[in-house]
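Peer 1: with the input below, show me the fold.
(chains A, B, C and D)
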Protein chains: 4
Amino acid sequence: MFREGDLVLIQIEDKKYLKKLTKNFHLNVKDRTLRYEDVIGRESGDKVGDFYLFEPTLEDIILLGFERKTQIIYPKDAFYIAFKLGIDRSSRVLEFGTGSGALTAVLSHIAMEVYSYEQSEKFYQLALRNWERFQLCKNVRAFLMDFSEATLEEESFDAAFVDVREPWHYVDKVHRVLKRGAVCGFLLPTTNQVCTLLSHLNGKFASIEVLEIFHRYYKTNPERFRPEDRMVAHTAYLVFGRKIKDG
Amino acid sequence: MFREGDLVLIQIEDKKYLKKLTKNFHLNVKDRTLRYEDVIGRESGDKVGDFYLFEPTLEDIILLGFERKTQIIYPKDAFYIAFKLGIDRSSRVLEFGTGSGALTAVLSHIAMEVYSYEQSEKFYQLALRNWERFQLCKNVRAFLMDFSEATLEEESFDAAFVDVREPWHYVDKVHRVLKRGAVCGFLLPTTNQVCTLLSHLNGKFASIEVLEIFHRYYKTNPERFRPEDRMVAHTAYLVFGRKIKDG
Amino acid sequence: MFREGDLVLIQIEDKKYLKKLTKNFHLNVKDRTLRYEDVIGRESGDKVGDFYLFEPTLEDIILLGFERKTQIIYPKDAFYIAFKLGIDRSSRVLEFGTGSGALTAVLSHIAMEVYSYEQSEKFYQLALRNWERFQLCKNVRAFLMDFSEATLEEESFDAAFVDVREPWHYVDKVHRVLKRGAVCGFLLPTTNQVCTLLSHLNGKFASIEVLEIFHRYYKTNPERFRPEDRMVAHTAYLVFGRKIKDG
Amino acid sequence: MFREGDLVLIQIEDKKYLKKLTKNFHLNVKDRTLRYEDVIGRESGDKVGDFYLFEPTLEDIILLGFERKTQIIYPKDAFYIAFKLGIDRSSRVLEFGTGSGALTAVLSHIAMEVYSYEQSEKFYQLALRNWERFQLCKNVRAFLMDFSEATLEEESFDAAFVDVREPWHYVDKVHRVLKRGAVCGFLLPTTNQVCTLLSHLNGKFASIEVLEIFHRYYKTNPERFRPEDRMVAHTAYLVFGRKIKDG
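Peer 2: Purely as a prediction, here's the structure:
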């Protein structure tokens, strides 16, 4: 039952809105209005006028709720990354940089603990705000720090993910703190970055994979079933490798 | 450290093998041989000759280890489904049918509990064997039963996934046992099935999405960076909807 | 050299404009202006301020110059269709419906002669205007007529293309007027239409192919080479078959 | 009517064969046999047992008939290139290198004249054999020569296409012999090559586009309409630019 202060996902036709239920809440879409008193006391799945009300999922929160200052790691990529890292409920995972904290939120759903490093104060604060607002990432330890300055035990992480502009500077350090055979992932928007990174992984990581993920959505009219006219063509290249013994 | 009875992922160039370490283990690839005594006592990430040794991840286990009698739900799809269902460590998830148990294994990494129904004894036994062999799915309750005959409390599941040939026969029942607003997913190989399903979701599920997921892999030579020549073009269409109040 | 009355393709950064050079011509993009007297007397490939001037290609004309009242057949599809029909400079090609005349213009670049039928006067006039404006389709005979009412000799066309909403009504007639073994193509936006058409081709056309064409564009900065963020995900399904002997 | 010496495209189920009708012709597919006397005197579109007989189209010839020593330019790419070059029946087109002559055959269907340069004798001879065997490219002048050594008038070609490993060596020369504003295309398999080329086009070519073309094929059963399981994921990147005034 939706109460004051709750988050509610509101869908009308193809449009979705993620809102906090405060006394002064109201939503206007075209000539239709949804008000605080229309939502309060309702259940997820209820319909008010043309508005559907739902509890937001993690995907809704990341796509619609997270404040961002740069491109986030999209759910389509984050959901794959989380499992690709080979983690489970007993895993300690390392992340650098935190960014707006979207991937962290996904990793923390599977792992026991996530250590997330961010060197920009702006992003560090942003991630903390996002997690607090949506009550996520209770099992995350966030550090405002360049990962290269972190004091970490050798071979202490089960997996790592690096999302910074020049990840090649951190390959040695990540290698050192990962357990043997552990998976490390990277996210990079350009082919030039991927090429530079690949040349730095040599001798430290093996079983290298590079891939892109596409989601193609369809219109849902069963009499005229066809793909949407346009789609996201690129977010980033994902690179994965597994730690091997040095040299 | 790999011991007798352990599972080991062996990679040589682009080829991967998932093997159980038994006394009579040996692997021949082209003119190179890996033997039991080469692996025993080694660590994940070690290299023996041209062979890399790793602990298998969940993806390795599903792709290389799971016995299957029909097409499995591929990791590319399963990893997205698991998060798209909106579940977390407190969720009870319903699945029908179990198939070879690949999606179940993924769901059980996030959820508190998975109830999985399968009406074919052959598949039910197959899934049990797969889970036991790889020590997965401890929090799964498997039922050999047509889901339509299951006695389940109303509004008792946080999410559901249906992977059967004619899922439209089960839409009413799934709707009944799902909590309000819960996400339900479906997997279907043909557009005809998608169209039939869509016409049955009307009035029971809203926020409908239909999509396909593509993974495009790249060759990893940084001097000649380019996509692989061929790719998987289709596994299945994914359909998601959220339970709404009936009528 | 550009003269009054000429068509000129103007490119500034990523934006393209196709304009006719008239005395009152001028183009404002942001705070930059291109005037009639800046273009007159210039050559294709010249740069005036930040504006590049080019003679338009057939693709430019279709994408930027053709007036349209509905979706056109896009160059990405039309260029493939034209060759897929198996035609050369000696071929007589049949088309129904003409639409805005984009495919006709492409076909007429290869074929000896194109017969194009259109039952809507609005579209018939539109196509004539488009062709006249850009001086295309001199070897095209356009008919304002439902193709089913056309009086045509049997086995007289080397290829055919049908772009109407319910092409299955015309399969028999198209079959009759095509030469033996000739290729016939169809364009359809929805899977439902494709399925209905496929069931009508049986026994009349063989070597059936159904495909979609995607173009994925890249940003052209060599230091940051990466795909464009978004792309066209769907225009239409293309269906091709070859006439076989009846029954 | 098929006669001795004719080329015939034979299709049985999903398999296609392009064969020359000689006295000793016969084709075995599984346990079915097609013989010389079964084909002679038949028409395109006829069916003999389970075999369909067709006159080959240009696409059939390139995909099934052309002898190749390396990757050819595929029809999916060649058909787009031909029109993208902006040519018509009055155009003189330049090509370097000829390769197995597939793109040449496509260009020659639209252009008035194609000048094709190839520096490897092996490929030069291969292209000549392919064209002769299929009676193509009557309007093509082939040269066994490094294009950089060709003596050509300035501004004499309406379009050009370059398919060599290091096309950046030829950018100046191609620029010189092209008419003002003319389109030049390039085909390159790796992103590294594309990046190097892009940095050499600067100041000589504008309106640069880089793209990839995908064709996604579908199974043709209207009751179970769905994409093929696998597809070609990469042939090459296509780069196009238009000549601008130097400097």
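Peer 1: pLDDT of the lengthiest strand in chain A, averaged?
Peer 2: In chain A, with assignment by DSSP state E, the single longest strand is strand A:205-219. Averaging pLDDT along strand A:205-219 yields 98.
Peer 1: can you tell me if that strand touches chain D.
Peer 2: No: shown here: strand A:205-219 not in contact with chain D (CB under 8 Å from any CB of the partner chain), separated by at least 10.1 Å. Quick note: C-beta positions are derived from backbone N, CA and C, even for glycine.
Peer 1: chain C contacts on chain A?
Peer 2: Proximity of chain A to chain C is confined to A:189-192, A:216-217, A:223-235 under the rule CB under 8 Å from any CB.
Peer 1: and the longest strand of chain A, which residues are buried?
Peer 2: Buried residues in strand A:205-219, counting neighbours by 16 or more other CB atoms under 10 Å in any protein chain shown, are found at A:205-207, A:209-219.
Peer 1: contacting residues around the closest residue to A:Thr33 other than its chain neighbours?
Peer 2: Nearest-residue entry for A:Thr33: A:His26, 6.2 Å, with adjacent residues in sequence omitted and distances by CB to CB, 6 or more residues apart in numbering or on different chains. Going by CB atoms under 8 Å, 6 or more residues apart in numbering or on different chains, A:His26 touches A:33-36.
Peer 1: again, but for A:Val171
Peer 2: Applying CB under 8 Å, 6+ apart to A:Val171 gives the contacts A:197, A:200-201, A:204-205.
Peer 1: go again using 6 Å as the cut-off
Peer 2: Taking CB atoms under 6 Å, 6 or more residues apart in numbering or on different chains, we find A:Val171 in contact with A:His200.
Peer 1: following the helix or strand hosting it, which helix or strand comes up?
Peer 2: For A:Val171, the element it lies in under DSSP states H and E is helix A:171-177. The helix or strand immediately downstream of helix A:171-177 is strand A:178-188, counting by DSSP H and E.
Peer 1: got the contact list for that next one?
Peer 2: Contacts with strand A:178-188, where a contact means CB under 6 Å, 6+ apart, come from A:81, A:85-86, A:155, A:157-163, A:167, A:174, A:194, A:197, A:236-243, B:43-45, B:54-55.
Peer 1: name every strand pairing with that strand and say which way it goes.
Peer 2: The pairing partners recorded for strand A:178-188 under DSSP bridges are strand A:157-162 (parallel), strand A:237-243 (antiparallel).
Peer 1: and the helix of greatest length in chain A, what does it pack against?
Peer 2: Counting residues, the longest helix found in chain A (DSSP state H) is helix A:121-133. Secondary-structure packing of helix A:121-133 (3 or more CB pairs under 6 Å, 6 or more residues apart in numbering or on different chains; DSSP states H and E): no helix or strand packs against it.
Peer 1: what's the spacing between it and its chain's center?
Peer 2: Here the centre of helix A:121-133 is set off from its chain's centre by 13 Å, with CA atoms, centre = their mean, to the nearest Å.
Peer 1: avg pLDDT for the helix or strand following it?
Peer 2: The helix or strand immediately downstream of helix A:121-133 is strand A:140-144, counting by DSSP H and E. For strand A:140-144, mean pLDDT rounds to 98.
Peer 1: buried set for strand A:140-144?
Peer 2: Applying a neighbour-count criterion of 16+ other CB under 10 Å, one finds A:140, A:142-143 buried in strand A:140-144.
Peer 1: same thing with stretch A:114-134?
Peer 2: Neighbour-count burial for stretch A:114-134, with 16+ other CB under 10 Å as criterion, is recorded at A:114-119, A:123-124, A:126-128, A:130-131, A:134.
Peer 1: between these, which is closest to B:Leu103?
Peer 2: A:Val114 (24.6 Å; CB to CB).
Peer 1: where's that closest one relative to chain D, distance?
Peer 2: Using CB to the nearest CB, to the nearest Å, one gets 33 Å for the distance from A:Val114 to chain D.
Peer 1: residues contacting that residue?
Peer 2: A:93, A:95, A:104, A:107-108, A:140.
Peer 1: whichever of these end up buried, select them in PyMOL.
Peer 2: For the buried members of these, the matching PyMOL selection, counting by 16+ other CB under 10 Å, is:
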select buried, chain A and resi 93+95+104+107+108+140
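Peer 1: looking at the contacts of A:Val114, which are in strands?
Peer 2: Secondary structure from DSSP E places A:93, A:95, A:140 of the contacts of A:Val114 in strands.
Peer 1: just checking, the second one touches A:Val162?
Peer 2: No: with contact defined as CB atoms under 6 Å, A:Glu95 does not reach A:Val162; the gap is 7.9 Å.
Peer 1: follow-up on the earlier one: quick one: which of the residues of chain A next to chain C sit in helices?
Peer 2: If you go by DSSP H, the residues of chain A next to chain C have A:191-192 in helices.
Peer 1: just the buried members of the residues of chain A next to chain C?
Peer 2: Neighbour counting by 16+ other CB under 10 Å classes A:189-192, A:216-217, A:225-227, A:231-235 among these as buried.
Peer 1: which pair of those residues spans the longest distance?
Peer 2: Pairwise distances across these (CB to CB) peak at 39.6 Å, for the pair A:Asn192 and A:Phe225.
Peer 1: since we're on the residue nearest to A:Ala206 when sequence neighbours are not counted, how many residues are nearby?
Peer 2: Spatial nearest neighbour of A:Ala206, chain neighbours left out: A:Ile244 (4.7 Å); criterion: CB to CB, 6+ apart. Using other CB atoms under 10 Å in any protein chain shown, A:Ile244 is surrounded by 22 other residues.
Peer 1: next, work out how far apart A:Asp191 and chain D are.
Peer 2: Just so we're on the same page, residue A:191 is Thr rather than Asp. In terms of CB to the nearest CB, A:Thr191 sits 4 Å off from chain D.
Peer 1: who's in contact with the residue nearest to that residue when sequence neighbours are not counted?
Peer 2: Of all residues not flanking A:Thr191 in the chain, D:Thr191 sits nearest, at 4.1 Å (CB to CB, 6+ apart). By CB under 6 Å, 6+ apart, the contact list for D:Thr191 reads A:191, B:225, C:225.
Peer 1: go again using 8 Å as the cut-off
Peer 2: D:Thr191 sits next to A:191, A:195, B:225-226, C:225, D:237 when contact means CB under 8 Å, 6+ apart.
Peer 1: of the residues you listed, closest to D:Lys69?
Peer 2: Nearest to D:Lys69 among those, with distances taken as CB to CB, is B:Arg226, at 20.2 Å.
Peer 1: correct me, but that closest one touches B:Tyr217?
Peer 2: No: counting by CB atoms under 8 Å, B:Arg226 sits too far from B:Tyr217 to count as a contact (10.7 Å).
Peer 1: about what we covered before: does the residue nearest to A:Ala206 touch B:Gly45 like I think?
Peer 2: Yes: contact criterion CB under 8 Å: A:Ile244 and B:Gly45 qualify, at 4.8 Å.
Peer 1: can you list residues touching both of the two?
Peer 2: Each of A:181, B:52 lies in contact with both A:Ile244 and B:Gly45 under the rule CB under 8 Å, 6+ apart.
Peer 1: wait, A:Leu201 sits on A:Gly241?
Peer 2: Yes: between A:Leu201 and A:Gly241 a contact is recorded at 5.3 Å, counting by CB under 8 Å.
Peer 1: give me the common contacts of the two.
Peer 2: Common contacts of A:Leu201 and A:Gly241 (CB under 8 Å, 6+ apart): A:Ile208.
Peer 1: list the contacts for the residue sitting furthest away from the middle of chain A?
Peer 2: In chain A, counting by CA atoms, centre = their mean, A:Glu223 sits farthest out from the average C-alpha position, at 35.2 Å. Shown in contact with A:Glu223 (CB under 8 Å, 6+ apart): B:195, C:192.
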